[in-house]
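[1] predicted model and sequence follow; I will ask about them next.
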Amino acid sequence: MSGEAAFIAALRGLATHPAARGLADDCAVLPFGGETLVLTHDAMVEGVHWLAGQDPADVAWKLVATNLSDLASKGAEPVGVLLGYALDYDDTRFLEGLRDVLAEYDVPLLGGDTTGGEGRRTLGLTALGRATCTPVPSRSGARASDTLWLTGPVGAAMLGFEALKAGDTTTDSGAFRRPVPRLAEGRAIAPRVTAMMDVSDGLLIDAARMAQASGVTFAIDRAAIPLPADLPRHRIDEAVRWGDDYELLFALPPGEMPPIKAHRIGHALPQGAAAVLLDGAAPAGKLGYLHD
């Protein structure tokens, strides 16, 4: 067994509870009493999700925000988080960032665990949410003739990462350091979408995942993809594969318009040989980020 996809495929044999959604979604969805709980857990690794030497306050922000983005993709309202933290030399700055992000999104810290050790640090966070509509959106509901939408630009995190790595203080690196979970947008559109997820590993690979879960092919128009104003046009192919943008990707029934600002980037076709098409052709090479 090798790689992320193979390991997740093996885990599906263990994740048989209906709430797990076959490990084919961003969150677990668990009916509980009169409510529906939405649960997610993401981990971040030093040197993969943040740069060595990066401000720990930004690391704390990103750890919380990326988990809240998963809740946003279900239209959920956050109710709390549990932190898994590896102690470091600058825990004070991490706590400052954690305080900031929890206050920004009015999310309580409910508990967690701390540990120590040597080598690259790994941090984890579990976010708990309350569904605001049922059925809770999934990746698997899109149908042929649905329209495909994106809440905002892709590529800003890539440019921010490059600026931060190069020590370029003239370019805004905020999209990489402190992503913004689209919680309000997710709640607004959740009752209307046929499928939805957040863009974390790249627009193309995440669109392909949603298409595969739904049994369709998504045809995407390159010219319709929203991009940062400062992105060089020759880098569009990189931007749609890079990831870390945390915009919402969603499908709507034909003729339906979203109640939020969003960009129509394509439509769904009957399932074909490729899960995603870009300007009518299957994109060459890797579609986005995968862990080895």
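    Arrived safely.
[2] quick check, Leu30 in contact with Thr40.
    No - counting by CB atoms under 8 Å, Leu30 stays clear of Thr40, with 11.5 Å between them. No exception for glycine: its C-beta is placed from N, CA and C like everyone else's.
[3] which stretches of this structure form strands?
    28-32, 35-45, 76-86, 109-115, 122-131, 147-150, 195-198, 216-220, 248-252, 263-270, 276-278 (DSSP state E).
[4] out of the ones you listed, which comes closest to Asn67?
    The closest of the strands of the chain to Asn67 is strand 122-131. By CB to CB, the value is 3.8 Å.
[5] which positions within that closest one qualify as buried?
    Thr122, Leu123, Gly124, Leu125, Thr126, Ala127, Leu128, Gly129, Ala131 (16 or more other CB atoms under 10 Å).
[6] and Leu30 and Thr40? Which one has more around it.
    Just comparing Leu30 and Thr40: by other CB atoms under 10 Å the higher neighbour count belongs to Thr40, 23 against 17.
[7] do you know the pLDDT at that one?
    We note a pLDDT of 96 for Thr40 in this prediction.
[8] ok so, going back, export the buried residues of strand 122-131 to JSON lines and tack on distance to Trp61 and pLDDT?
    Putting the buried residues of strand 122-131 into JSON lines (distance: CB to CB, whole Å; pLDDT from 0 to 100) gives the following:
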{"residue": "Thr122", "distance to Trp61": "17", "pLDDT": "85"}
{"residue": "Leu123", "distance to Trp61": "12", "pLDDT": "92"}
{"residue": "Gly124", "distance to Trp61": "15", "pLDDT": "94"}
{"residue": "Leu125", "distance to Trp61": "11", "pLDDT": "97"}
{"residue": "Thr126", "distance to Trp61": "17", "pLDDT": "97"}
{"residue": "Ala127", "distance to Trp61": "14", "pLDDT": "98"}
{"residue": "Leu128", "distance to Trp61": "19", "pLDDT": "98"}
{"residue": "Gly129", "distance to Trp61": "18", "pLDDT": "97"}
{"residue": "Ala131", "distance to Trp61": "25", "pLDDT": "97"}
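[9] which helix in this structure has the most residues?
    Ordering each helix of the chain by length in residues (DSSP state H) puts helix 56-72 first.
[10] show me where the stretch 151-292 of the chain has helices.
    Listed in chain order, the helices of the stretch 151-292 of the chain (DSSP state H, counting those that start in this stretch) span 156-166, 174-177, 183-189, 203-214, 236-242.
[11] which one of those lies nearest to Leu109?
    Judging these by CB to CB, what sits closest to Leu109 is helix 183-189, at 17.3 Å.
[12] average pLDDT for the closest one?
    98.
[13] helices or strands up against it?
    Identification of packing neighbours for helix 183-189 by 3 or more CB pairs under 8 Å, 6 or more residues apart in numbering; DSSP states H and E yields helix 56-72, strand 76-86, strand 248-252.
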